[in-house]
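Colleague: Got a predicted model here, sequence first, then my questions.
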Amino acid sequence: MTLVPSLMEIILPTLAEKLSDGCNPLKILIFSGEVLSVLLWKRVYEVLPEATIINLYGTTEVVIHY
């Protein structure tokens, strides 16, 4: 799943409820477009401890000058 952190803030409570049985189909979470706070990262990790969390913030803003 790829999303901005502010969307995860909105859906995380519902996601936690739906995944409370321990079954997690999400294997990789990619955050981009906004800053991923440490607090949100910790909350996501509590709900999805086995998912790989990738923070790609800033990759689209990088410009290489030759």
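Modeller: Ah, there it is. Numbers count the residues shown, from 1 in each chain.
Colleague: For stretch 29-40, report the contacting residues that lie outside it.
Modeller: The contact list for stretch 29-40, computed with C-beta atoms under 8 Å, 6 or more residues apart in numbering, reads 1-6, 8-9, 12, 44, 48, 51-57, 59-60. For the C-beta atoms, the positions are set from N, CA and C on the backbone; glycine is no exception.
Colleague: now that stretch: mean pLDDT?
Modeller: Averaging pLDDT along stretch 29-40 yields 91.
Colleague: What are the buried residues along it?
Modeller: 29, 31, 32, 33, 36, 40 (16 or more other C-beta atoms under 10 Å).
Colleague: element containing the first one, please.
Modeller: Mapping residue 29 onto the secondary structure by DSSP states H and E places it in strand 28-31.
Colleague: Would you give the sheet partners of that strand, along with the direction of each?
Modeller: With DSSP bridges as the test, strand 28-31 is paired with strand 2-3 (parallel), strand 52-55 (parallel).
Colleague: buried stuff in the helix or strand that that strand is followed by?
Modeller: Downstream of strand 28-31, the first helix or strand assigned by DSSP H and E is helix 38-47. Neighbour counts over helix 38-47 (16+ other C-beta under 10 Å) mark 40, 41, 43, 44, 47 as buried.
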